[in-house]
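**Q** only the shape, not the letters, is given here:
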Ligand SMILES: Cc1cc2nc3c(=O)[nH]c(=O)nc-3n(C[C@H](O)[C@H](O)[C@H](O)COP(=O)(O)OP(=O)(O)OC[C@H]3O[C@@H](n4cnc5c(N)ncnc54)[C@H](O)[C@@H]3O)c2cc1C
């Protein structure tokens, strides 16, 4: 099978793949926006926030003023971070910053964390920790990524966990502790219930860690406890890798939801007690190293601003990503509650749909009614081979009259994403190109 970039694409799919977020390219940048200049504040400069800021400037012909508020000095990419965990890639490969967005597009950057957003006339007042005067703007985009539910011990006290699911210091800490795993040691990794950030990500991590163990500590193993009933993405390729590449080094157990964690003596060692979902039984797994990926919600600021419902994510109108709970505020990326997967490539696409819709709203036009997003995602299955997953997401009306993004196979009319026919070294090479292209497109 060809790679996701080698398909013969229909016109609709071509528009999606070109990165326009599949909104109507012919209207750009003619939104007719004139003075007074509209101001937009973007909370968070990650994959979604950086993209929306760039395309608001590009497609308005710089007619809107865009400010990103971001506490970090460097954006550390989660994408490719599993290969930093195994020591194959240097941490610096993950580092990006906003200097090209400032230079090329005139985006403003305010360093700090947003603590509050309040209505201010027909606009908004955005308070930033450590910045004296609030930022005044016409619309706000909230793109803070995810936060983690606390993981509890057996008397319901929070325990410190090493998740490495927000790339940064925990990524290199997991790398160092993996390198220090005893030759016959056990690493226990847990996968939270969906929805979580990056559906294939945990299985990708399990594979590259198993590959590392096979090569460096053949007597050691990784035990994967999945709260979900089955592998949540690319099931054929991951299950094939589990059984054919890693039999002895990898044990995969679905339907195991973390109940509590008992810390051991050495850092991040201990015991995980899991519910066997639907049975009423529990099991215990001991690990020399525990990599617990907690249940996820929208970033804390989205919760604090009253943008989230009981799922922990922020419901939005799918054509504009405008909050259904606080109109005038848009929520994009992993924090939004949509049928789109929580992934960087999809965050980039959703941000473009949001930018287009905002510019139409600001110029008194209706947002485009049937947007399309696409996603391509490569997963390393070892230090040399990778697979991929791709889909086009069409915003469609459902039989019950509701609307949602539906994954469409690129080459047939069936629904659902397409995965590579098999893992290959060629895919591994293309994965590196895809990563650099996506990150450069987002941060320049
Ligand atoms: C191990 C791993 C592998 C992955 N691999 C892939 C992959 O191969 N392909 C793919 O497409 N996706 C992948 N992902 C998923 C991808 O990284 C996320 O979906 C993506 O980063 C989400 O973008 P975001 O903008 O919503 O959040 P983020 O990229 O996390 O950005 C959020 C930003 O908001 C900032 N912020 C938070 N709170 C505030 C506040 N109060 N004020 C101001 N700023 C704030 C943060 O500092 C951060 O910079 C992977 C994830 C993981 C963990």
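**A** That came through fine. Remember, it's a predicted structure, so these values are computed and weren't measured experimentally.
**Q** what about the residue of the chain found nearest the ligand, neighbour count?
**A** Taking Cβ to the nearest ligand atom as the measure, the chain has residue 46 as its residue closest to the ligand, at 1.7 Å. Every C-beta, even on glycine, is put in place using the N, C-alpha and C of the backbone. Counted with other Cβ atoms under 10 Å, the neighbours of residue 46 add up to 28.
**Q** residue 328 too?
**A** 15.
**Q** that one contacts residue 142, doesn't it?
**A** No: the pair residue 328 / residue 142 is not scored as a contact, 11.2 Å apart, by Cβ atoms under 8 Å.
**Q** in space, what's closest to the residue nearest the centre of the chain - neighbours in sequence excluded?
**A** By Cα atoms, centre = their mean, the chain has its centre lying nearest to residue 343, at 3.3 Å. In this structure, residue 343 finds its nearest non-sequential neighbour in residue 198, 5.6 Å apart by Cβ to Cβ, 6 or more residues apart in numbering.
**Q** same check on residue 349?
**A** In space, and not counting its chain neighbours, residue 349 is closest to residue 373: 3.8 Å by Cβ to Cβ, 6+ apart.
**Q** near the ligand, anything from the strand or helix carrying that neighbour?
**A** Using DSSP states H and E, residue 373 falls within strand 372-380. Yes: shown here: strand 372-380 in contact with the ligand (Cβ under 6 Å from any ligand atom) through residue 377.
**Q** against which helices or strands is that strand packed?
**A** Strand 372-380 makes packing contacts with helix 11-15, helix 201-216, helix 344-362, strand 386-397, helix 425-442 when contacts are defined by 3 or more Cβ pairs under 8 Å, 6 or more residues apart in numbering; DSSP states H and E.
**Q** what is the burial count for the nearest residue to residue 438 once chain neighbours are set aside?
**A** On the basis of Cβ to Cβ, 6+ apart, the spatially nearest residue to residue 438 that is not a chain neighbour turns out to be residue 345, at 5.9 Å. By other Cβ under 10 Å, 22 other residues sit near residue 345.
**Q** do the same with residue 119
**A** By other Cβ under 10 Å, neighbour count at residue 119 equals 11.
**Q** for it, phi and psi?
**A** The phi and psi values for residue 119, taken as degrees, to the nearest 10, are phi -60, psi 140.
**Q** ok, it to residue 305 distance?
**A** 11 Å (Cβ to Cβ, to the nearest Å).
**Q** low-confidence ranges in the protein?
**A** Scanning the chain for pLDDT under 70 picks out the ranges 1-30, 34-36, 409-414.
**Q** show me what whichever strand or helix holds residue 188 is packed up against.
**A** Using DSSP H and E, residue 188 falls within strand 186-191. For strand 186-191, the packing partners by 3+ Cβ pairs under 8 Å, 6+ apart come out as helix 201-216, strand 221-226, strand 270-276, strand 281-287, strand 289-292.
**Q** how about the longest one against the ligand, any contact?
**A** Yes: contact of helix 201-216 with the ligand is found when judged by Cβ under 6 Å from any ligand atom, involving residue 201.
**Q** that helix vs strand 186-191, what angle?
**A** Counting by axes from the mean of the first three to the mean of the last three Cα atoms, to 10 degrees, helix 201-216 lies at 170 degrees to strand 186-191.
**Q** enumerate the residues of the stretch 251-400 of the chain near the ligand.
**A** Residues of the stretch 251-400 of the chain lying close to the ligand (Cβ under 6 Å from any ligand atom) are 299, 301, 333-335, 342-345, 347, 377.
**Q** how does this structure divide up, domain by domain?
**A** 24-147+298-368+428-442, 150-294 (automatic domain parsing).
**Q** burial measure for residue 403, as a count.
**A** Counted with other Cβ under 10 Å, residues neighbouring residue 403 total 15.
**Q** how about the contacts made by it?
**A** Contact analysis of residue 403 by Cβ atoms under 8 Å, 6 or more residues apart in numbering lists 318-319, 395-397.
**Q** out of the residues you listed, who's the most crowded?
**A** Neighbour counts for the contacts of residue 403 peak at residue 318, which has 25 neighbours (criterion: other Cβ under 10 Å).
**Q** show me where the stretch 51-200 of the chain has its helices.
**A** Secondary structure of the stretch 51-200 of the chain (DSSP state H, counting those that start in this stretch): helices at 81-85, 99-105, 169-179.
**Q** name the helices or strands packed onto the shortest one?
**A** Read that as helix 81-85. Here helix 81-85 touches helix 169-179, helix 201-216, going by 3+ Cβ pairs under 8 Å, 6+ apart.
**Q** now the last one
**A** Helices and strands touching helix 169-179, by 3+ Cβ pairs under 8 Å, 6+ apart, are helix 81-85, strand 289-292.
**Q** hang on, the earlier thing: what's the farthest-apart pair in the residues of the stretch 251-400 of the chain next to the ligand?
**A** Using Cβ to Cβ, those span at most 26.5 Å, a distance reached by 301 and 377.
**Q** endpoints of stretch 191-199, how far apart?
**A** 10 Å (Cα to Cα, to the nearest Å).
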